[in-house]
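Engineer: Following is a predicted model, sequence given first.
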Amino acid sequence: MREYPLSFYVDKLKDEDYFSLARYGDGEFYCMWGRGTQNSNKCRYTPELKKDLEASFHHRHDPSFIFGMQRVLPEDRERAEKMYPVDWYDTEIFSEAVANLELYPLIAQLRLMNTVVIGNKSIKADVGRIFYNTQFIEVPPNNAHELKKEVLEECLMLAPACFLFSCGMAANSFISALHGLEGSFLLDLGHIWDPFTGNMSRCDLEGKTKEQIERNLYA
């Protein structure tokens, strides 16, 4: 498992070293493995989603497609590493940066870019506050994969851009389909924006207040 600091990703953005980042956690793995019918957010493990998640590993020989792994149970990590022998990256760095109030370098760089956020309406207002002129593609809070055709069409219309996906398991499907889009970054940032809405249930934020989290937005 490769581990890189936040600056690794920020520098790629600065240098226009285009890449895609897809993140896999227990939901994605369980969907591919046929374990259960939905994840904790009530996103259904459909045959179509399973097929798209599996197809994303067709990019395994492309170094510009980064396979990120979230923290999963040790036995699930071991199984995933055996079944999908790709160059895995530890992508908990993003949530850790939020918790440690160290996210600002990423925020500052993204503010210089043409960003498009794909997420549900609960984060729309705060994302607009953080990035000023960002564009937003709204998807439902779960089962966003059902809107795959519409989301991909909107992304193509708004490209080139730095696309920031916060739409659950569907993100990997969208990123895989759009990978290689000229002049564009495709990043699955998951629930990174939730704390800025006051939702502290993600990113190991026990004991943190929204006021403290806001320090991530300023130098």
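Structural biologist: Happy to help now that I have it. Numbering: from 1, shown residues only.

Engineer: Confidence-wise, which helix or strand of this structure is lowest on average?
Structural biologist: helix 210-213 (a mean of 88; mean pLDDT, DSSP states H and E).

Engineer: which residue is nearest the centroid of the chain?
Structural biologist: In the chain, the centroid-proximal residue (Cα atoms, centre = their mean) is D188; its distance is 1.6 Å.

Engineer: ok now do S201, which residues does it touch?
Structural biologist: D194 (Cβ atoms under 8 Å, 6 or more residues apart in numbering). C-beta coordinates here come from the backbone N, C-alpha and C atoms, glycine included.

Engineer: any idea how far it lies from L189?
Structural biologist: 16 Å (Cβ to Cβ, to the nearest Å).

Engineer: do C155 as well
Structural biologist: 15 Å.

Engineer: Check L49 too.
Structural biologist: 19 Å.

Engineer: More neighbours: which of those two?
Structural biologist: Using other Cβ atoms under 10 Å as the criterion, L49 and L189 rank with L49 on top: 25 against 20.

Engineer: And that one, how close does it get to K210?
Structural biologist: For L49, the distance to K210 - Cβ to Cβ - is 33 Å.

Engineer: which stretches of this structure form strands?
Structural biologist: 20-24, 65-69, 88-90, 115-119, 135-138, 162-166, 185-188 (DSSP state E).

Engineer: buried sites along the third one?
Structural biologist: Applying a neighbour-count criterion of 16 or more other Cβ atoms under 10 Å, the buried positions in strand 88-90 are 88-89.

Engineer: So, low pLDDT: which residues of the chain?
Structural biologist: 202-203 (pLDDT under 70).

Engineer: rerun that using 90 as the cut-off
Structural biologist: 39-42, 132-133, 198-211, 219 (pLDDT under 90).

Engineer: and the least confident helix or strand of the chain, which residues are buried?
Structural biologist: Within helix 210-213, the residues scored as buried using 16+ other Cβ under 10 Å are I213.

Engineer: ok, D204 touching A99?
Structural biologist: Yes - counting by Cβ atoms under 8 Å, D204 touches A99, with 5.0 Å between them.

Engineer: Perfect, I'm done here.
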